[in-house]
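J.: Any chance you can model this:
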Amino acid sequence: PWNPISVLFSLLLSFSNKWNREGELALRNSTLDYTVIRPAGIKDCPRAQETGDKLLLASDGWEGKGPPATTGISREDVSDLVALSVDDPRVSRATLRVSRMARGSARTFYREDERAAYSWDLLLARVKPDKPDSLRRADFGTPAACGLVLLSFLLGCIYQIAAGILGALFRRVL
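T.: Below is the predicted model of the structure:
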């Protein structure tokens, strides 16, 4: 919740991140079968297969290891995963964070990451169901309060600038 974008979204969109998290907690605590797909940086670009990039799928099977740097994911790659996930028991009660990794270059070795693959089917074999405590309740009140403080500071600055401009205009007119 301390991500600056989360603070901004919470401030501007009525705590949308908080309610998204609460909804996901309710889903995980229910008896429903679910698959949550969280794409990172959806883009209008060709499928990873067409560009030679690798796909990346993170789930609770990563055991706390963070994902490597990624380049977002195409809408088509996400729709392919959604279509595969509908009837696949391997993704039952799992949260999938998906993205793609750019082809390796002299500066990047992303292609060599063993967690990436060229097809969803290879990655789905590694998915593990969500652990009961993997999505803990987060403190969204404090970041939202920080957002309100930032907003009031910005509004104060705008007020001071506007007052200065209007004061100068009135002094010229009078």
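J.: Each with direction, which strands does the longest strand along the chain pair with?
T.: The longest strand of the chain (DSSP state E) is strand 94-101. Its sheet considered, strand 94-101 pairs with strand 35-39 (parallel), strand 54-58 (antiparallel) by DSSP bridges.
J.: Same list, those, but as JSON lines with distance to Asp121 and mean pLDDT please.
T.: Bear in mind the C-beta positions are built from the backbone N, C-alpha and C, glycine included. JSON lines is the format used below for those (distance: least, CB to CB, whole Å; pLDDT from 0 to 100):
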{"stretch": "strand 35-39", "distance to Asp121": "15", "mean pLDDT": "89"}
{"stretch": "strand 54-58", "distance to Asp121": "10", "mean pLDDT": "83"}
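J.: would you list the ones you listed in CSV and tack on distance to Leu154 and mean neighbour count?
T.: Listed next are these as CSV, based on distance: least, CB to CB, whole Å; neighbours: other CB atoms under 10 Å:
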stretch, distance to Leu154, mean neighbour count
strand 35-39, 30, 17
strand 54-58, 35, 23
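J.: And the helices in the protein, which stretches?
T.: Per DSSP state H, the chain carries helices over the ranges 4-12, 16-29, 48-51, 75-85, 120-124, 141-173.
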